[in-house]
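Trainee: missing the sequence, but the structure's below:
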């Protein structure tokens, strides 16, 4: 069985000028070691940036998959980016993929075989900037699979490197071949990179020309016709390039995120050490509600108090207290969390942070809505298994009270 975790990270603004922290994500990927990682950077026509992330773990790695989920939740709660867990098949709208084809091998004047670990990472920066400046929708997708060192591939390149070094010609090719030998001689990633365009073809041929120009100016020592543009769709994938041309170093995810979405020098969010999830046997209930629906929240609080339940809600924060630290402490020490669900609640970033943080801490969560309720977009995948009680002007409170007594009896005075 393969465990997959897919998430949509709303970054906002141009990738290359964003101020959010993603370095912790790269560090987590190294620590947790997924078998496959897919990054898809999507730039919409209004300039908003989204990173689609899809990680696959082997059949014995359910724990590591859960730890990565915890890292993303912590980053969302800390306001680094807005994370929504999605179906693994979800992603950008219908697209056509554009990739760059190169010969599976090529010959030097000496007749020696060689291949280069060509990456589109630097070209992607130009593409995303151009798309943002001109209002185009475009994506840059990178599919990485774990790759082991391959001495056989390295040996195939050594004669070509020796031929160039002996003649002291074409130093750029010599450097590229040396890089290829070092790359395939160590563990790393096998990469498949492509650009994504809307199927309506609004982007035209500008992307083809921009990418080819970037590659030609970067590697002037190669023939002008070395690169070819390959268009395909998700259903009809282009054939893979040579193994060496797809090789990437083990640090490629770091380099990719830092190049396309630079990070600030903020404190890195550490990967949590997995033992038992922290659960506190608190003697009170944390009530989470949207201020726009304060009247409804106060109705629920009043019913809870009448039933002998100790409650805490944000009116209990003392003046001058650091808001986020106090809320975190109160949720961490609560015996259970009662969520007063409304449309305003689901649209509130701060309310959903409280909900996700409670889920991260494995707190008993009891959602209650004014009327029969279905979880909305962005929360349904995470919380669809949580049944929502209907408050119904107090008539449905008995069900909430009984559920709370089963989940956290210690909160009753």
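Mentor: Nice, thanks for sending it over. Here the structure is a predicted model, which is why all the values come from computation and not from measurement.

Trainee: Tell me the secondary structure at the spatially most central residue of the chain.
Mentor: For the chain, the residue nearest the mean C-alpha position is residue 53 (3.8 Å; Cα atoms, centre = their mean). Using DSSP: H, G, I helix; E, B strand; the rest coil, the structure places residue 53 in strand.

Trainee: residue contacts, it?
Mentor: Listed by Cβ atoms under 8 Å, 6 or more residues apart in numbering, the contact set of residue 53 reads 5-9, 25, 37-40, 72. Just so you know, the C-beta spots here come from the backbone N, C-alpha and C atoms, and that holds for glycine as well.

Trainee: make it 6 Å
Mentor: Each residue near residue 53 by Cβ atoms under 6 Å, 6 or more residues apart in numbering is listed here: residue 7.

Trainee: Residue 92 now?
Mentor: 42, 139, 196.

Trainee: Can you get me a residue count around the first one?
Mentor: Going back to what we said before, that points to residue 42. 23 (other Cβ atoms under 10 Å).

Trainee: Surely it forms part of a strand?
Mentor: Yes - according to three-state DSSP, residue 42 belongs to a strand.

Trainee: my read: it touches residue 139, true?
Mentor: Yes - counting by Cβ atoms under 6 Å, residue 42 does reach residue 139; the two are 4.4 Å apart.

Trainee: returning to that earlier point: so how far is residue 9 from the residue nearest to the centre of the chain?
Mentor: 6 Å (Cβ to Cβ, to the nearest Å).

Trainee: ok, now residue 333?
Mentor: Taking Cβ to Cβ, one finds residue 333 at 30 Å from residue 9.

Trainee: The two: who's more crowded?
Mentor: Using other Cβ under 10 Å, the more surrounded residue of residue 333 and residue 9 is residue 9, with 22 against 15.

Trainee: who touches the more buried one in this structure?
Mentor: 51, 81, 83.

Trainee: give me that answer again for 7 Å
Mentor: Neighbour list for residue 9: 50-51, 53, 81, 83 [criterion: Cβ atoms under 7 Å, 6 or more residues apart in numbering].

Trainee: Repeat that for residue 176.
Mentor: residue 116.

Trainee: just checking, next helix/strand downstream of the host helix or strand of it?
Mentor: Taking DSSP states H and E as the criterion, residue 176 maps to helix 171-184. Using DSSP H and E, the helix or strand that follows helix 171-184 in sequence is strand 188-198.

Trainee: mind listing what that following strand pairs with, with the direction of each?
Mentor: Counting by DSSP bridges, the strands paired with strand 188-198 are strand 95-101 (antiparallel), strand 138-147 (antiparallel), strand 247-249 (antiparallel).

Trainee: For the stretch 201-350 of the chain, which segments are assigned as strands?
Mentor: Remark: strands assigned in the stretch 201-350 of the chain by DSSP state E, counting those that start in this stretch are 228-232, 247-249, 285-288, 311-312, 336-340.

Trainee: Quick check: mean pLDDT of stretch 381-400?
Mentor: Averaged across stretch 381-400, the pLDDT comes to 86.

Trainee: tell me which residues in it are buried?
Mentor: 382-383, 386, 388-391, 396-397, 399-400 (16 or more other Cβ atoms under 10 Å).

Trainee: what about that stretch, start to end distance?
Mentor: 23 Å (Cα to Cα, to the nearest Å).

Trainee: Can you tell me what sits against it?
Mentor: 85-87, 299-300, 303, 341, 359, 365-373, 375, 403.

Trainee: Kindly report the same for stretch 326-333.
Mentor: Taking Cβ under 7 Å, 6+ apart as the rule, stretch 326-333 contacts 280, 282, 286, 312, 317, 337, 354, 357-358, 361.

Trainee: From those residues, keep the buried residues only.
Mentor: In these, the ones that pass as buried (16+ other Cβ under 10 Å) are 282, 286, 312, 337, 354, 357-358, 361.

Trainee: CSV please, covering these and showing distance to residue 205 and pLDDT.
Mentor: Shown next, in CSV, are these (distance: Cβ to Cβ, whole Å; pLDDT from 0 to 100):
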residue, distance to residue 205, pLDDT
282, 61, 84
286, 56, 94
312, 60, 91
337, 54, 94
354, 48, 89
357, 47, 89
358, 50, 90
361, 52, 87
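
Trainee: now the closest residue to residue 95 other than its chain neighbours: how far from residue 137?
Mentor: The shortest distance from residue 95 to any non-neighbouring residue, by Cβ to Cβ, 6 or more residues apart in numbering, is to residue 196 (4.1 Å). Going from residue 196 to residue 137 by Cβ to Cβ gives 9 Å.

Trainee: quick one, which of these two is more surrounded?
Mentor: residue 196 (25 against 19).

Trainee: and that one, what is it in contact with?
Mentor: So residue 196 contacts 92, 95, 97, 138-139, 141 (Cβ under 7 Å, 6+ apart).

Trainee: ok, so of those residues, who is nearest residue 347?
Mentor: residue 92 (23.2 Å; Cβ to Cβ).

Trainee: The spatially closest residue to that closest one that is not a sequence neighbour bridge partners, please.
Mentor: Using Cβ to Cβ, 6+ apart and skipping the chain neighbours, the partner closest in space to residue 92 is residue 42 (4.7 Å). Applying DSSP bridges to residue 42 gives these bridge partners: residue 50, residue 139.
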